[in-house]
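# Sequence and predicted structure, then a few things I'm wondering about:
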Amino acid sequence: MLALGCTIDGAGAISAIGMKVSACAVGQAAAAIFARNAVGRDCADLKAAERSIAAWLSCGGELPDWPRLAMLEPALPHSGRHEAILLPWRAALDALSKDEASR
């Protein structure tokens, strides 16, 4: 489980983020990697990152452009961990889709 809240600036980018993470070690690592680089990203950035990470997890290939994501590469052959890796990006997209009072 990952509960995520964020503050958005006037341009629609994340300006602050908070998370409560109750996940496996891979999920915790993914959340930390996400949070470290989420500020300044907007919904379009996060959608593109989520798509490229999902493709990388399912097909391999080139490492997506997200700092420190290479640290999760050892989990690549373990498909049971792929959803844990994607969880923070998906939670952020969900948070950004909510109205301002819900964030």
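Noted; the coordinates are in hand.
# Provide a list of residues in contact with the residue nearest the centre of the chain.
Nearest to the mean C-alpha position of the chain, counting by C-alpha atoms, centre = their mean, stands residue 89 at 2.5 Å. Contact partners of residue 89, counting by C-beta atoms under 8 Å, 6 or more residues apart in numbering, are 34, 46, 49, 50, 53. In short, each C-beta sits where N, CA and C put it, glycine included.
# cool, residue 33 as well?
So, once contact is read as C-beta under 8 Å, 6+ apart, residue 33 ends up touching 66, 67, 68, 69, 71, 72, 88.
# quick one: which helix or strand includes the residue nearest to the centre of the chain?
Counting by DSSP states H and E, the element that carries residue 89 is helix 82-97.
# Need the pLDDT of the residue nearest to the centre of the chain.
The model reports residue 89 with a pLDDT of 97.
# For it, which non-adjacent residue is spatially closest?
Among residues not flanking residue 89 along the chain, residue 50 sits closest, at 4.1 Å (C-beta to C-beta, 6 or more residues apart in numbering).
# So the one you found is in contact with residue 88, correct?
No: at 9.4 Å, residue 50 and residue 88 do not qualify as touching, with contact defined as C-beta atoms under 8 Å.
# Give me the more crowded residue out of those two.
Remark: of residue 50 and residue 88, residue 88 carries more neighbours, 27 against 18, as counted by other C-beta atoms under 10 Å.
# Now the more buried one: closest residue in space, sequence neighbours ignored.
Spatial nearest neighbour of residue 88, chain neighbours left out: residue 34 (3.6 Å); criterion: C-beta to C-beta, 6+ apart.
# Just the CA coordinates for stretch 12-21, please, in CSV.
As requested, C-alpha coordinates have been extracted for stretch 12-21 and formatted as CSV (Å, rounded to 0.1, in the frame of the first residue of the first chain):
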residue,chain,number,x,y,z
GLY,A,12,0.7,22.0,-12.5
ALA,A,13,3.9,20.5,-11.3
ILE,A,14,4.5,18.8,-8.0
SER,A,15,6.0,21.2,-5.5
ALA,A,16,5.9,19.0,-2.4
ILE,A,17,5.2,15.3,-1.8
GLY,A,18,4.4,13.1,1.1
MET,A,19,4.0,9.4,1.3
LYS,A,20,3.1,6.6,3.6
VAL,A,21,4.6,3.4,2.3
